[in-house]
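Novice: coords please:
(2 chains)
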There are 2 protein chains.
Amino acid sequence: MTTGYPTLDGALAPVAYAGDRVDVLDQTRLPARAEVLRIATPGQMADAIRRLAVRGAPAIGIAAAYGIVLAAQESCAPEHIASAAQVLRAARPTAVNLGWALDRMLATFASHVDAEPAAIRAALLAEAQLIHREDVRGNRRIGELGAALLAQGARALTICNTGALATGGYGTALGVVRSAWAQRKIELVYVCETRPLLQGARLTAWELGHEGIPFRLVADSAAGALLALGGADVVLVGADRIARNGDTANKIGTYTLAVLAARHRVPFYVVAPTSTLDPDTPSGAEIPIEERDEREVLAFHGQPVAPPGARAWNPAFDVTPHELITAIVTERGVLSPPYDESIPAAVA
Amino acid sequence: MTTGYPTLDGALAPVAYAGDRVDVLDQTRLPARAEVLRIATPGQMADAIRRLAVRGAPAIGIAAAYGIVLAAQESCAPEHIASAAQVLRAARPTAVNLGWALDRMLATFASHVDAEPAAIRAALLAEAQLIHREDVRGNRRIGELGAALLAQGARALTICNTGALATGGYGTALGVVRSAWAQRKIELVYVCETRPLLQGARLTAWELGHEGIPFRLVADSAAGALLALGGADVVLVGADRIARNGDTANKIGTYTLAVLAARHRVPFYVVAPTSTLDPDTPSGAEIPIEERDEREVLAFHGQPVAPPGARAWNPAFDVTPHELITAIVTERGVLSPPYDESIPAAVA
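Specialist: Residues are numbered from 1 along each chain as shown, chains lettered A, B, ... in the order given. Next up, the predicted model:
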């Protein structure tokens, strides 16, 4: 990997602590440019999350944790920390990892609230880096567990970016691909370009290229033909939030892949750390779905694609019902239906 | 409609005879610019078809017919006409209307082969314009028949462009929308942007805007969420070739919409003139599917979206199996299953 990117323990990371600031790789500029943002305040971090400079459910959880570290550098007053957490929590609504990481940071803060500011700051930094390292370690375990599910020579279909850029630095669905590739089990990866923001074309293609893993980019609409022609043996997707019954919110288009996979009897695996499990949300119907600015659909790199006055509907996520999910691969094991039993057990 | 576009009988047409040349509206430039190509030779017409300056199965049939008119202006030698027809026929493989229109032109030529060149040219021009006017007349009938299938206040979902630009000048699936709108039966149209070439965003949005028909553009991948949320009551699509059993080749992504519509019990109508029916092709398995240049996926308006070295798979069409098609709306009536009976009957 080119030097100059944020790293953790020597590996590419979407975000990294760097003394009095946090470095964030601006993913909106990839693959054309690798710009590192120097984030100094929790407000700047919330903004980076909101505008997708850092994205991917696990990665935004980690970024938010570092946001609390930055808040404590400004002031360790409880109201300041609480206010920073609130701003970060509101940055995006769908990924549950964001709130999960903030709750861990707030618990750490609460247990050190009477300590010296320097001790509080040290504890918060340690907790943020623990969250970060745990995610990477969990991803590697997920990769092993997921790779074991694949047949030799598998051709995988995936959507969005679920790799190093979306996590602490390894990947969930793409972590499975990386692990399977290391075992020479993967033959080819089909990558949905993932409109409107093209995380597949821009980010997943970039990561796979760096790893030397062979892939073909496809328009999202070509997944149906691919599966109908028998071109893929497995579908691997990430998750932004998994409800107690297994219903899964993930990048818009995921639900369609699940419907197609079921029709063509191709296994459909959701791959996510347990921090993405949300046993407090009973089903997908209760997951808040972010609708983003319609200009993401109406223009491309600032260049309009639709005529003036055109309107768009731009949901960022959809919900895949649990009955279409073959299994959920987590660092604590491969969860099988009935998910309303296996999910609470994995979190407990 | 702005003046300066090609017209037939006063209405916008993608292609129009203009004396010693044929005017073709360059649809690759829409909606940013309305450039009219002055096509003087059958080779230029084949090139315009190949690079999608004119596209849409009925429209490329009409364009090819005018291409034979241009060939006859060069020479009425049988070998010259045959060679021009061959070049035009090879321009794109999937739409059957292309061969259908050329066969009509060649039959006209054959029945006038002993006449004076001026008489041959007049007969060929008359036949091309008859094909063109028949398509528009047929579209209007299709519009009536299709609109009758819709419930009051229907919200329709469509893909690609199947309007005036894709046909002689009215539309197939979008013709149904136009007719239903005239009857105040349509409430809203959801338009799949239609990657990779964005015919939905660029062309359908442009046509609907001109007609004042309310619409929302969606990423192709958002159709699943739309149908899951009950946002559309009917799916209307065009066709490039319909096999004898009803299997239908159409723009990549159509098959996925059919699978989703079936899951959500939303009627899925294929809308096409009988010139799109191909009773000589037994099933979708025998329809040739055009794969286009991977750069259509890898770059956008010449600007790369994927990293250097990335590869793509870019099928232009997919096949929707007949069992997912509620009915096929043609100018000779609404065809119902079993299609291997209703399709041969409609063509006979």
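Novice: so what's residue A:140 up against?
Specialist: A:170, A:175, A:179 (CB atoms under 8 Å, 6 or more residues apart in numbering or on different chains). Heads up, the C-betas are built off the backbone N, CA and C, glycines and all.
Novice: confirm it sits in a strand?
Specialist: No. Counting by DSSP: H, G, I helix; E, B strand; the rest coil, residue A:140 is not part of a strand but helix.
Novice: so how far is residue A:273 from it?
Specialist: 11 Å (CB to CB, to the nearest Å).
Novice: the closest residue to residue A:296 other than its chain neighbours in helix, strand or coil?
Specialist: Once flanking residues are discounted, residue A:296 sits nearest to residue A:196: 4.3 Å by CB to CB, 6 or more residues apart in numbering or on different chains. What three-state DSSP gives for residue A:196 is coil.
Novice: in chain A, which helix or strand is least confident?
Specialist: The helix or strand of chain A with the poorest confidence is strand A:299-300; it has a mean of 86 (mean pLDDT, DSSP states H and E).
Novice: the stretch 201-348 of chain A: helices as residue ranges?
Specialist: A:205-211, A:223-228, A:254-263, A:295-298, A:339-347 (DSSP state H, counting those that start in this stretch).
Novice: would you mind giving the ones you listed as JSON lines with mean neighbour count added?
Specialist: Formatted as JSON lines, those follow (neighbours: other CB atoms under 10 Å in any protein chain shown):
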{"stretch": "helix A:205-211", "mean neighbour count": "21"}
{"stretch": "helix A:223-228", "mean neighbour count": "24"}
{"stretch": "helix A:254-263", "mean neighbour count": "26"}
{"stretch": "helix A:295-298", "mean neighbour count": "19"}
{"stretch": "helix A:339-347", "mean neighbour count": "17"}
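Novice: list just the one of the ones you listed that sits closest to residue A:311.
Specialist: Nearest of those to residue A:311, taken as CB to CB: helix A:295-298 at 7.9 Å.
Novice: show me what the closest one is packed against.
Specialist: Secondary-structure packing of helix A:295-298 (3 or more CB pairs under 8 Å, 6 or more residues apart in numbering or on different chains; DSSP states H and E): strand B:215-218.
Novice: quick one: the strand it packs on near chain A?
Specialist: Yes. Using CB under 8 Å from any CB of the partner chain, we find that strand B:215-218 touches chain A at B:215, B:216, B:217, B:218.
Novice: which of those sits closest to residue A:292?
Specialist: residue B:218 (12.5 Å).
Novice: state the pLDDT value of that closest one.
Specialist: pLDDT, residue B:218: 98.
Novice: with residue A:308 instead?
Specialist: So residue A:308 comes in at 95 (pLDDT).
Novice: phi first, then psi, for it.
Specialist: When read as degrees, to the nearest 10, the backbone of residue A:308 gives phi -60, psi 140.
Novice: tell me who's in contact with the single nearest residue of the stretch 101-250 of chain A relative to chain B.
Specialist: Here the stretch 101-250 of chain A gets closest to chain B at one residue, residue A:221, 2.9 Å apart by CB to the nearest CB. Applying CB under 8 Å, 6+ apart, we find residue A:221 in contact with B:159, B:192, B:194, B:195, B:220, B:221, B:252, B:253, B:256.
Novice: again, but for residue A:124
Specialist: So residue A:124 contacts A:68, A:69, A:72, A:105, A:108, A:109, A:112 (CB under 8 Å, 6+ apart).
Novice: and what of residue A:15?
Specialist: Neighbours of residue A:15 in contact, by CB under 8 Å, 6+ apart: A:6, A:22, A:23, A:24, A:25, A:54, A:59, A:62, A:63, A:66, A:132.
Novice: sorry, back to before: next, count neighbours for the residue nearest to residue A:296.
Specialist: 27 (other CB atoms under 10 Å in any protein chain shown).
Novice: so how far is residue A:229 from it?
Specialist: Residue A:196 sits 26 Å away from residue A:229, going by CB to CB.
Novice: if we can go back for a sec, can you put the residues of strand B:215-218 next to chain A in CSV and add neighbour count?
Specialist: CSV is the format used below for the residues of strand B:215-218 next to chain A (neighbours: other CB under 10 Å):
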residue, neighbour count
B:215, 25
B:216, 21
B:217, 28
B:218, 29
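Novice: out of the residues you listed, who's nearest residue A:210?
Specialist: The nearest member of the residues of strand B:215-218 next to chain A to residue A:210, counting by CB to CB, is residue B:218 at 32.2 Å.
Novice: tell me the contacts of the residue positioned nearest the centre of chain A?
Specialist: Most central in chain A under CA atoms, centre = their mean is residue A:56, positioned 2.5 Å from the mean C-alpha point. Applying CB under 8 Å, 6+ apart to residue A:56 gives the contacts A:14, A:161, A:162, A:165, A:166, A:167, A:238.
Novice: can you check residue A:252 too?
Specialist: Taking CB under 8 Å, 6+ apart as the test, what residue A:252 contacts is A:315, A:316, A:317, A:318, B:219, B:221, B:222, B:225.
Novice: and residue A:281, by the same measure?
Specialist: Contacts here follow CB under 8 Å, 6+ apart; on that basis residue A:281 touches A:96, A:241, A:243, A:244, A:287.
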